[in-house]
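Undergrad: need a 3D model of the following:
(one chain, ligands or ions: 2)
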Amino acid sequence: MAKTTFNCSECGGTSAKWLGQCPHCRAWNSLIETVAEPAGSGKNRFGARPGLTPASPLMTLANIEASDFERTPSGLDELDRVLGGGMVEGGVVLIGGDPGIGKSTLLLQALDALQRRGQKTLYVTGEESGAQVALRARRLGLEGSQVQVLAETELEKMLSTLQAERPHVAVIDSIQTVYSNQLTSAPGSVAQVRECAAHLTRVAKSEGVTIVLVGHVTKEGALAGPRVLEHMVDTVLYFEGDTHSSFRLVRAIKNRFGAVNEIGVFAMTEKGLKGVSNPSAIFLSQHAEPVPGSCVMVTLEGSRPLLVEIQALVDSGGPSPRRLSVGLDRDRLAMLLAVLHRHAGVACMDQDVFVNAVGGVRISEPAADLAVLLAITSSLRGRPLPKGFIAFGEVGLAGEVRPAPRGQERLKEAAKLGFSVAVVPKANAPKKPIEGLTVHAVERIEQVVEAVRGL
Ligand SMILES: Nc1ncnc2c1ncn2[C@@H]1O[C@H](COP(=O)(O)OP(=O)(O)O)[C@@H](O)[C@H]1O
Ligand SMILES: [Mg+2]
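TA: Ligands and ions are numbered 1, 2, ... in the order given. Alright, predicted model coming up:
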């Protein structure tokens with residue numbers, strides 16, 4: 001076994017054995033195991049003496065041939081969309097999400113589709129046995145699938161299989177189960193996950209294999225342990241959605257080969273995940289009549305507008321009222337409540353405030369502000385917003401309403417789905433009227449509250 005040392009993630013200091021506290025900077029729990037470089041060889045870590053490395057010839061940018069990446073579409077349109085067109089040779093994709101959300105299902109479907117297009121594929125399973133994977137494949141209707149399956153958790157064995165088989169695309173499900181026999185740390189620890197992912201990334205680049213790493217997400221919403229993985233890989237995709245509803249979003253939060261924040265929308269069915277090509281209305285709940293505390297917004301992350309219902313419940317609270325948000329940023333909620341009080345005179349100080357983005361969607365764009373505030377005031381007053389109402393726009397600390405990017409597209413989508421009244425920032429007001437849609441343009445939060453009162 002190779003010699004290992006422990007490096008401090010805070011100060012970079014080393015220790016020969018594991019200690020609870022770094023002997024150099026006194027940080028707690030910061031020592032992480034790494035494989036030690038051979039010491040005293042006088043060589044740097046690239047295997048050459050410092051200063052004597054044969055330099056690669058220099059080129060000017062203009063002389064480098066800039067060929068676009070060769071992409072292989074998987075044939076699952078929604079997945080290809082988030083990937084920026086398809087799998088890239090030598091690209092490493094990290095795909096994260098809650099347990100049971102559909103990561104294994106999606107990747108098995110993708111591998112099968114790629115295999116049927118003549119790509120050589122490998123599915124490495126560390127969590128389930130080959131029989132379990134086969135059972136899933138049957139359920140998904142992938143009988144006769146030629147995808148190769150390897151049930152293995154040891155990194156070194158995986159690497160030798162990868163080198164021998166040289167598949168086009170390999171899925172490692174999951175990276176947390178992989179361990180390297182070079183390290184003494186337990187599988188799933190930061191040291192193991194980081195080392196194994198780094199190894200696999202190097203193999204992907206050198207052999208031209210596309211590698212997809214599956215990662216679990218902890219309760220706090222971070223990929224378990226290593227955020228370090230996110231900067232190592234080329235593309236990071238996250239699964240979102242409520243496991244109780246059938247819709248799933250796959251969002252690109254980092255992509256070296258395409259646009260970020262692009263989303264793919266799927267529906268979970270008996271036969272696996274099916275792409276939803278026209279998803280704009282799936283996150284609306286169906287109220288027969290408008291109810292208090294509900295406001296629909298148009299969010300536009302990636303290339304497609306999506307209508308999402310924001311719900312709020314304001315109810316008398318105890319001495320320390322609660323502020324809770326699901327799918328929206330909690331700190332932003334506190335800020336919005338302060339703005340609402342200071343600039344529009346609507347006070348919720350002694351009230352519990354709950355807000356929720358329907359359907360398990362996560363909305364990170366500030367354009368949700370206006371809808372959040374309107375849902376809150378509507379719930380506080382017990383008065384519904386008018387039928388067919390939408391709103392979007394960012395709200396600033398000074399009480400100003402700022403425009404959202406690509407406002408026209410958002411309004412057109414809402415009009416297409418039959419919405420008839422909109423409250424939007426002044427700069428987003430359409431130059432030409434949109435048929436069937438009455439637009440109220442506002443500049444300040446006071447005007448928003450006024451405008452809605454008059455509707
Ligand atoms: N027999 C079944 N019939 C229908 N759906 C199933 C069946 N078994 C599992 N599923 C669905 O597949 C999901 C499991 O997906 P999976 O790909 O294993 O998730 P992950 O790999 O993200 O943990 C379950 O949440 C469930 O919705
Ligand atoms: Mg799984």
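Undergrad: spell out which parts of the stretch 201-350 of the chain neighbour ligand 1.
TA: For the stretch 201-350 of the chain, the residues in contact with ligand 1 (C-beta under 6 Å from any ligand atom) are 243, 268, 270. All C-beta atoms are positioned from the backbone trio N, CA, C, and that covers glycine.
Undergrad: got CSV for these, with neighbour count and secondary structure too?
TA: Supplementary listing: these in CSV, determined by neighbours: other C-beta atoms under 10 Å; DSSP: H, G, I helix; E, B strand; the rest coil:
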residue, neighbour count, secondary structure
Thr243, 15, coil
Met268, 19, strand
Glu270, 7, coil
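Undergrad: how is this protein divided into domains?
TA: Annotated domains of the chain cover 1-49, 71-275, 294-453 [automatic domain parsing].
Undergrad: and the closest residue to Leu340 other than its chain neighbours, its phi and psi?
TA: In this structure, Leu340 finds its nearest non-sequential neighbour in Val346, 4.8 Å apart by C-beta to C-beta, 6 or more residues apart in numbering. Main-chain torsions, Val346, degrees, to the nearest 10: phi -100, psi 110.
Undergrad: pretty sure Val346 contacts Val449?
TA: Yes - using C-beta atoms under 8 Å, Val346 is in contact with Val449, at 6.6 Å.
Undergrad: overlap in contacts, those two.
TA: With contacts defined as C-beta atoms under 8 Å, 6 or more residues apart in numbering, the residues shared by Val346 and Val449 are Thr377.
Undergrad: and the closest residue to Ser245 other than its chain neighbours, what does it touch?
TA: Distances taken as C-beta to C-beta, 6+ apart put Gly359 closest to Ser245, at 5.7 Å, once the chain neighbours are dropped. Neighbouring residues of Gly359 by C-beta under 8 Å, 6+ apart: 241-242, 245, 247, 282-283, 285, 308-309.
Undergrad: report pLDDT for Gly359.
TA: For Gly359, the pLDDT comes out at 84.
Undergrad: phi and psi next, for it.
TA: phi 90, psi 10.
Undergrad: measure it to Ile282 for me?
TA: Noted for Gly359: a distance of 7 Å to Ile282, by C-beta to C-beta, to the nearest Å.
Undergrad: give me the nearest residue to the residue of the stretch 351-455 of the chain found nearest ligand 1, chain neighbours excluded.
TA: Nearest residue of the stretch 351-455 of the chain to ligand 1: Gly360, at 13.0 Å (C-beta to the nearest ligand atom). Nearest residue to Gly360, sequence neighbours excluded (C-beta to C-beta, 6+ apart): Asp242, at 3.0 Å.
Undergrad: in stretch 162-169, what's buried?
TA: 162, 167-169 (16 or more other C-beta atoms under 10 Å).
Undergrad: buried stuff in stretch 169-180?
TA: 169-180.
Undergrad: and it, how far from the chain's centre?
TA: 19 Å (C-alpha atoms, centre = their mean, to the nearest Å).
Undergrad: mind showing which ranges of the protein have poor pLDDT?
TA: Along the chain, the parts satisfying pLDDT under 70 run over 1-2, 37-54, 218-227.
Undergrad: that older thread, hang on, the residue nearest to Gly360 packs against Arg362?
TA: No - using C-beta under 8 Å, Asp242 makes no contact with Arg362, being 10.8 Å away.
Undergrad: any quick PyMOL command for the buried ones out of the contacts of Gly359?
TA: Buried residues among the contacts of Gly359 (16+ other C-beta under 10 Å), as a PyMOL selection:
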select buried, resi 241+242+247+282+283+308+309
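Undergrad: so which of the contacts of Gly359 sit within strands?
TA: Members of those lying in strands (criterion: DSSP state E): 247, 308-309.
Undergrad: redo those as CSV? Include distance to Gly100.
TA: Output for the ones in strands among the contacts of Gly359, formatted as CSV (distance: C-beta to C-beta, whole Å):
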residue, distance to Gly100
Phe247, 14
Val308, 23
Glu309, 24
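Undergrad: and these, which is closest to Gly396?
TA: Val308 (21.8 Å; C-beta to C-beta).
Undergrad: which ones are touching the closest one?
TA: 283-284, 296-299, 357-359, 361, 363.
Undergrad: ok, now Ala414?
TA: Taking C-beta under 8 Å, 6+ apart as the test, what Ala414 contacts is 296, 298, 305, 307, 390, 422, 437.
Undergrad: tell me the buried residues in whichever strand or helix holds the fifth one?
TA: Take DSSP states H and E as the rule and Ile390 turns out to sit in strand 389-391. Neighbour-count burial for strand 389-391, with 16+ other C-beta under 10 Å as criterion, is recorded at 389-391.
Undergrad: next: stretch 254-264.
TA: In stretch 254-264, counting by 16+ other C-beta under 10 Å, buried: 255, 257-258, 260-264.
Undergrad: now could you export just the CA positions of it as PDB?
TA: Only the C-alpha atoms of stretch 254-264 are listed here, as PDB (Å, rounded to 0.1, in the frame of the first residue of the first chain):
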ATOM      1  CA  LYS A 254     -22.000  24.200 -14.200                       C
ATOM      2  CA  ASN A 255     -21.200  23.400 -17.800                       C
ATOM      3  CA  ARG A 256     -17.900  23.800 -19.600                       C
ATOM      4  CA  PHE A 257     -19.600  22.700 -22.800                       C
ATOM      5  CA  GLY A 258     -22.900  24.600 -22.700                       C
ATOM      6  CA  ALA A 259     -25.200  27.000 -21.000                       C
ATOM      7  CA  VAL A 260     -25.800  26.800 -17.300                       C
ATOM      8  CA  ASN A 261     -29.200  26.900 -15.700                       C
ATOM      9  CA  GLU A 262     -30.600  25.100 -18.600                       C
ATOM     10  CA  ILE A 263     -33.300  22.700 -17.400                       C
ATOM     11  CA  GLY A 264     -34.500  19.400 -18.600                       C
END
